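**Student:** just to be clear, the model below is a prediction. Sequence and coordinates:
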Amino acid sequence: MSVPGDASAGRAAIPAIAVASLYQEYLVTRQTGRAVRDGIERLFADRCGESLAVIDFRDVVVIDFSCADEVVAKLVMGFGEDQDASGNLFILVRGVRDDHMDPVEGALRRRGLAVAAERTSGEPVLLGDVDPDAGEAWRMLCACGRIRSHELAQMLGLEAGSCDRLLADLYRRRLVRRCGDAFESLSFAASAADDRSPPQELQGDDGHAPNDG
Amino acid sequence: MSRVIDVPEVLDHRGFEELVRSLPAAEDAAGARILFNAKHVRWVSPYGLIGLLAVGQVARERTGLSPRIEAPETREVRTYLDRMDFWQSAHEVFDLEPGATRSHGASDALLEITPIRSHHDVHAVVERVRERSAAILENHLHYPKPSVIQFSVMLSEVCQNIIEHAETVGWVCAQTYNYRERLGREVLMLAVMDVGVGFEGSLASEHARRFGESWSAATALEAALLFGESRFRDPGRGQGLQAIRKQVEKWDGMLAIRSGDAQIALVPDWDDYPPMQRSLPAFPGAQILIVMPARTVKAR
């Protein structure tokens, strides 16, 4: 079994991290959502190689379903799942509170999507449309940080082939990261990168996240 | 020359229907300015209040003349109209005497009548009600703390319905009052109206062909409220109304949406509203009524 910080389980370059802090208390309306998403997309437009977009919800008081669809679901749809090898962008939503869950989950489920997230306490939570076995594998991977497939299979009591398929599907949906012969949770990747260098922060000209309009 | 429409003494959802029924006859007189005689109004609900604006707006559009309005004589009703900022919005609909646009000072309403023209207005409304809704929902109606945010989300989605589908101005207002008639306890009433294209018109391009001859305002309302359909093919659209429906059901509330000549309603045990009404007098746009009852201490 591998634990966070265990260098023996796979080695991979730490992805470029950009933190999109949503400095708006009220993420409501589609127009606002579109403006916020545009800002995040611009940040990643010219990037190559692996990147991790950390979307920070800590300041968000209200997010409605329409805005959640524009900011989270469409971002995952555009950048998250089923990318080709040249477009390795992962998304991690941080600072999620109970109030955010319904709109974000609802928006993702309607499109059959999912996103890796952390509650304000740091507890990992998978939001959206994921089958229970994949969800369990994801949670165990998060608990370990980084782990090889056969080790995870052992922990979950699964056949190696089944675990391979679950992890391959989680990777295809960009809910976990590949590190050589191991897999890594996005929270682990973000923490490791935080330790190396301060992340680039997404801000508008006035020091705030792009506003609506 | 004026044609007079008498505003019902009780101006609630039923009073609104009376107003809608009386509109065509008044319009028939070519070149006649319509006068809404509200002198005898003695009780107004939030729905009736913005319903009067909506009917006035339709009269204005159809006759090409700003209608006139006689203010209620009852002091309580006049004060209520002042407190709810009725005259500020009425100024854009009715031909008012100079000085009729009165400001109210402090108001105990959750949300005074607010025009919705753009998403900026939706932002303003959601931000404005946050503190007030916390006080009213938690202390007055005994709702749990998370309901304050859930109410903000519902308010945002219901107001966006105007921007997304109406293609014209709409109004929203919310107020608590004692709903003795049905419940014997306090309720929060949220009313949202526009006189735009309505559900049938909004959904027609995407869904009418599939329904064939059965396509109507009623089927459009069912498609939107019960099945989450929208005018877009995008599966992410149409979830606002679904979210509102689920939230209202969770709160044991009542939701009614009138559009065209139909009205669909989610009816709790405590009410006897018909779940679907067809062949109502046609009226443009959409008129939404949400009633959230106070929770008993036991239900908490």
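**Tutor:** Right, received. Where do you want to start?

**Student:** sheet partners, orientation included, of the longest strand belonging to chain A?
**Tutor:** As assigned by DSSP state E, the longest strand anywhere in chain A is strand A:89-96. If you go by DSSP bridges, strand A:89-96 pairs up with strand A:51-56 (parallel), strand A:114-119 (parallel).

**Student:** which of these is buried the deepest?
**Tutor:** Most buried of those by mean neighbour count (mean count of other CB atoms under 10 Å in any protein chain shown) is strand A:114-119; its value is a mean of 25. No exception for glycine: its C-beta is placed from N, CA and C like everyone else's.

**Student:** contacting residues around it?
**Tutor:** Residues from elsewhere that reach strand A:114-119 (CB atoms under 8 Å, 6 or more residues apart in numbering or on different chains): A:72, A:76, A:80, A:90-97, A:104, A:108, A:124-130, A:138, A:173, A:175-176, A:185-187.

**Student:** which residue is nearest the centroid of chain A?
**Tutor:** Geometric centre of chain A, nearest residue: A:Leu92, 2.4 Å, by CA atoms, centre = their mean.

**Student:** close to chain B, is the longest helix along chain A?
**Tutor:** In chain A, with assignment by DSSP state H, the single longest helix is helix A:30-44. Yes - legend: contact between helix A:30-44 and chain B by CB under 8 Å from any CB of the partner chain is shown at A:30-32.

**Student:** tell me the residues of chain A that contact chain B?
**Tutor:** By CB under 8 Å from any CB, the residues of chain A that approach chain B are A:25-26, A:28-32, A:61-66, A:69, A:73-74, A:98-99, A:102-103, A:106-107, A:110-111, A:212-213.

**Student:** can you lay out the residues of helix A:30-44 next to chain B as JSON lines showing neighbour count?
**Tutor:** Shown next, in JSON lines, are the residues of helix A:30-44 next to chain B (neighbours: other CB atoms under 10 Å in any protein chain shown):
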{"residue": "A:Arg30", "neighbour count": "24"}
{"residue": "A:Gln31", "neighbour count": "20"}
{"residue": "A:Thr32", "neighbour count": "27"}
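
**Student:** now those in TSV, with pLDDT?
**Tutor:** Shown next, in TSV, are these (pLDDT from 0 to 100):
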residue	pLDDT
A:Arg30	94
A:Gln31	94
A:Thr32	94
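
**Student:** now distance to A:Leu152 too, for those residues, in a markdown table please.
**Tutor:** Below are the residues of helix A:30-44 next to chain B laid out as a markdown table (distance: CB to CB, whole Å):
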| residue | distance to A:Leu152 |
| --- | --- |
| A:Arg30 | 39 |
| A:Gln31 | 43 |
| A:Thr32 | 40 |
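
**Student:** and A:Leu52, what is it in contact with?
**Tutor:** Applying CB under 8 Å, 6+ apart, the residues near A:Leu52 are A:15-18, A:89-92, A:177, A:186, A:189-190, A:193.

**Student:** in stretch B:284-300, what's buried?
**Tutor:** By neighbour count on 16 or more other CB atoms under 10 Å in any protein chain shown, the buried set for stretch B:284-300 is B:284-295.

**Student:** do that stretch and chain A meet?
**Tutor:** No - using CB under 8 Å from any CB, stretch B:284-300 stays clear of chain A, coming no nearer than 15.4 Å.

**Student:** send me that stretch as PDB with only the CA atoms.
**Tutor:** Extracted in PDB, the C-alpha atoms of stretch B:284-300 (Å, rounded to 0.1, in the frame of the first residue of the first chain):
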ATOM      1  CA  PRO B 284     -49.700  36.100 -21.900                       C
ATOM      2  CA  GLY B 285     -46.600  35.100 -20.100                       C
ATOM      3  CA  ALA B 286     -46.200  33.100 -16.900                       C
ATOM      4  CA  GLN B 287     -47.600  33.700 -13.400                       C
ATOM      5  CA  ILE B 288     -46.000  31.700 -10.600                       C
ATOM      6  CA  LEU B 289     -47.300  31.400  -7.100                       C
ATOM      7  CA  ILE B 290     -45.300  29.700  -4.300                       C
ATOM      8  CA  VAL B 291     -46.800  29.300  -0.800                       C
ATOM      9  CA  MET B 292     -44.600  28.100   2.000                       C
ATOM     10  CA  PRO B 293     -46.400  27.300   5.200                       C
ATOM     11  CA  ALA B 294     -44.900  28.000   8.700                       C
ATOM     12  CA  ARG B 295     -43.700  24.700  10.200                       C
ATOM     13  CA  THR B 296     -45.100  23.600  13.500                       C
ATOM     14  CA  VAL B 297     -42.700  23.200  16.300                       C
ATOM     15  CA  LYS B 298     -43.200  19.400  16.000                       C
ATOM     16  CA  ALA B 299     -42.400  19.400  12.300                       C
ATOM     17  CA  ARG B 300     -39.100  21.200  13.000                       C
END
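
**Student:** and A:Lys74, how close does it get to A:Arg139?
**Tutor:** 26 Å (CB to CB, to the nearest Å).

**Student:** now swap in B:Asp272 and tell me
**Tutor:** From B:Asp272 across to A:Arg139, the span is 48 Å (CB to CB).

**Student:** of the two, which one has the most company?
**Tutor:** Using other CB atoms under 10 Å in any protein chain shown as the criterion, B:Asp272 and A:Arg139 rank with A:Arg139 on top: 16 against 7.
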